[in-house]
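In: here you go, sequence then predicted model.
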Amino acid sequence: MSRVKKSLKNAKVGVFFFIISIFVQFFSRKLFLDNLGDEFIGLETTLRSVLGFLNLAELGIGTAIGFTLYKPIFDENHKEINKIIALLGVLYRKIGYCIIGVAVIVSLFFPFIFDTSETGELSNFSLLLIYFVFYTLLFSSLLSYFANFHQSLLGADQKGYIIQGYFQTINIIRVILQAIVAVYFKDFYLYIILELIFSIIYSVFVRKKIKQEYPWLIINSSEKAKIIKEYPDIIKKIKQVFVHKMSSFVKNGTDNILVAALVSIESVAFFGNYQLIFTKLGGLVKMAFAGTGSAVGNLIAEDNAENIKKIFWELMAVQFFIAGFFSLIMYFTMEPLIIFWIGAKYILAKTTLILLIANFFIFQIASPVERFKNAYGLYQDTWAAAAEAIINLTISLIFGSIWGIDGIILGTLVSLILIVVIWKPYFLYKHGFKKSVWIYWKGILPVTIVFSLAALLVNFTANYVTYDRETSGIINWILYATIITAIVTVIYGTLLFIFVDGFRVFVFRMRDLLTKKLFK
């Protein structure tokens, strides 16, 4: 199966399951808020963020191993693949034990962290419940280190659709059962224990599937820690990627912790509603591009400069379209969506929405640069990752204490602009493409101008679309969102097709693929 076909299969499977997952989670979110309360959902979200911080110990291993697997997969070198997966198992087990130790230490401070009342009582929840939630989520995440780390091979082999198929199906069933528990039992303990049960089920199914796909793979390798000495380059890459992933966590994973610390636990739930939408949108885009990371890795392995250039600009144009498409639609439809979905009381300031959209947009248009940078194995700019994390945290802490949620998001935006928008393209072009970065800026300028013009035209046209937010229901919102989507698609899509070569190439490529599929 070719790279394009594998990428399309990943995209189709991923998007299909993800759309179903979005609907399930959106409907369940209101049930959770209404029946379990804002504070419990805020508590759960905060504890997940704490676990995200603990999982920093893993950051770098999966990415570095994935990069190392591209070549042996391309060469069908089963012996080398087995050794690399064995190395992955050794490293993951070490990291898993470290996470357990650190988690126990962190949990000792919970009585002080969650002591928010003047009387010294733990706000609305017992220590038993807080510890139960934390350790249940912890053990669920540890399965990735001890049981199903082999799934990295599926991702590197452009078979991410298998992972997504199992994960999303099991996740959907879990959320449905949790919604039933929330509505009919309102039991916090049963709600959380389902998380662990379904994580175990997922691990069992994935391991069984890996055995079917790769019968030659040694699932329980006898290789010991000495194998680490055979791959010094991988260990070096892991250390470099660790810094980058740590920066990524600070950028994306600390917002909830900062909101809880600088604003309130309840505000985490309010902020989480917006986060859920943007996270799902980002996940949907990621599913649409599922497999392209490993496809780019294989493309780099072939070392065809002209083909690399062509694919890069095609991905840039498509990613720009997707970023602008969702950003413009969210600007007009987000607040009405929040109103009919969970209620007007959950509406945040307009500036919050604009900042979230700006972060989403920049993250999306930077994805191709990140994808190619990873495929080249360019992780040595660790100072940039550290600087990004420091800038983010510094601005978030200073302005978060002044402006609340907006100040926290501002930290992410500034760090994105300085490092992701300005530095990373320069680094990719100098050390990956080995060309002047001005080629990048010349190519990105027309796309940026097209988006800006499209935004002005869409805003002008959308003002003529009437919509009453106060009396809106789901049908009215769907009609309004459909009209806005049509306006954005026609205006933005047409301008990109006319003025941007990469987007035009992509449209023709999709047309040819559809034609072959329909008339083969």
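Out: Thanks, I have it. Residues are numbered from 1 along each chain as shown.

In: how is this structure divided into domains?
Out: Each domain of the chain is listed here as a residue range: 1-235, 303-520, per automatic domain parsing.

In: weakest of the ones you listed by average pLDDT?
Out: The minimum mean pLDDT among the domains of the chain belongs to domain 1-235 (a mean of 79).

In: kindly reformat the domains of the chain as a markdown table containing distance to Ser248 and mean neighbour count.
Out: Bear in mind the C-beta positions are built from the backbone N, C-alpha and C, glycine included. As requested, the domains of the chain are exported to a markdown table (distance: least, Cβ to Cβ, whole Å; neighbours: other Cβ atoms under 10 Å):
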| stretch | distance to Ser248 | mean neighbour count |
| --- | --- | --- |
| domain 1-235 | 8 | 17 |
| domain 303-520 | 8 | 17 |
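
In: and these: which comes nearest Leu284?
Out: Between Leu284 and the domains of the chain, the shortest gap by Cβ to Cβ is with domain 1-235, which sits at 5.3 Å.

In: any idea how far that closest one is from the chain center?
Out: Distance, stretch centre to chain centre, for domain 1-235: 13 Å (Cα atoms, centre = their mean, to the nearest Å).

In: re the thing from before, could I get the domains of the chain as TSV with distance to Ser247?
Out: Shown next, in TSV, are the domains of the chain (distance: least, Cβ to Cβ, whole Å):
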stretch	distance to Ser247
domain 1-235	9
domain 303-520	4
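
In: quick one, which of the ones you listed gets closest to Leu258.
Out: Going by Cβ to Cβ, the one of the domains of the chain nearest Leu258 is domain 303-520, 4.9 Å.

In: on that earlier part again, out of the domains of the chain, which gets nearest to Val263?
Out: domain 303-520 (5.2 Å).

In: how distant is the closest one from the center of its chain?
Out: On the basis of Cα atoms, centre = their mean, domain 303-520 sits 14 Å off its chain's mean C-alpha point.

In: quick one: which helix or strand includes Val296?
Out: Using DSSP states H and E, Val296 sits within helix 292-302.

In: same question for Gly407.
Out: Per DSSP H and E: helix 405-415 holds Gly407.

In: show me what contacts Ile41?
Out: Counting by Cβ atoms under 8 Å, 6 or more residues apart in numbering, Ile41 makes contact with Phe32, Leu33, Val268, Ala269, Gly272.

In: burial check on the residue lying closest to it once chain neighbours are set aside, number of neighbours?
Out: In this structure, Ile41 finds its nearest non-sequential neighbour in Ala269, 4.5 Å apart by Cβ to Cβ, 6 or more residues apart in numbering. Neighbours of Ala269 under the rule other Cβ atoms under 10 Å: 27.

In: can you report phi and psi for Ala269?
Out: phi -70, psi -40 (degrees, to the nearest 10).

In: surely it touches Glu39?
Out: Yes: contact criterion Cβ atoms under 8 Å: Ala269 and Glu39 qualify, at 7.3 Å.

In: ok so, going back, can I get the contacts of Ile41 in TSV with secondary structure and distance to Ala86?
Out: Formatted as TSV, these follow (DSSP: H, G, I helix; E, B strand; the rest coil; distance: Cβ to Cβ, whole Å):
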residue	secondary structure	distance to Ala86
Phe32	helix	41
Leu33	helix	45
Val268	helix	40
Ala269	helix	43
Gly272	helix	39
